[in-house]
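[1] sequence first, predicted coordinates after that:
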Amino acid sequence: MLLILVAGAVIGSGISEALADVVPILGNAAELGFRVDEVSLAGVLTFGLHLHLKVNLGTALGLIIAAWLLRGR
C-alpha cells in the first residue's frame, strides 16, 4: 500500500514537472529538508545524511488518485 502511494506521488510529481511550462501553477512547489554533512562514529563509521521533500500540485493529485484507487481494494 505504501509503495503504491509513493509511486502515485512520484508519477504525479513527474507529470507536474513535465507540464510546468504549459500550466504554470504546476511549477509551484513547497520544499522542506535538512542536511547533515558528516557524522563520525568513533572513527569507525562516517556517513552523511540529506533529506529533501518537494511537494507540488501534481504530487498531491498523484497521492489522492493513488489513495482513491487503493480505497476499492
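    That came through, no problem.
[2] verify the stated contact: G33 with H52.
    Yes. Counting by Cβ atoms under 8 Å, H52 is a contact partner of G33 at 3.7 Å. Just so you know, the C-beta spots here come from the backbone N, C-alpha and C atoms, and that holds for glycine as well.
[3] I4: what's it in contact with?
    With contact taken as Cβ atoms under 8 Å, 6 or more residues apart in numbering, I4 is in contact with 66, 69-70.
[4] which is the next helix or strand following whichever strand or helix holds it?
    Using DSSP states H and E, I4 maps to helix 2-18. Proceeding N to C from helix 2-18, the next assigned helix or strand is strand 29-41, under DSSP H and E.
[5] buried ones in that next one, by neighbour count?
    A29 (16 or more other Cβ atoms under 10 Å).
[6] shaky segments in this protein?
    Applying pLDDT under 70 to the chain flags the ranges 73.
[7] still on that earlier bit, any chance of the contacts of I4 in CSV with distance to A9 and neighbour count as columns?
    As requested, the contacts of I4 are arranged in CSV below (distance: Cβ to Cβ, whole Å; neighbours: other Cβ atoms under 10 Å):
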residue, distance to A9, neighbour count
A66, 7, 21
L69, 13, 12
L70, 13, 12
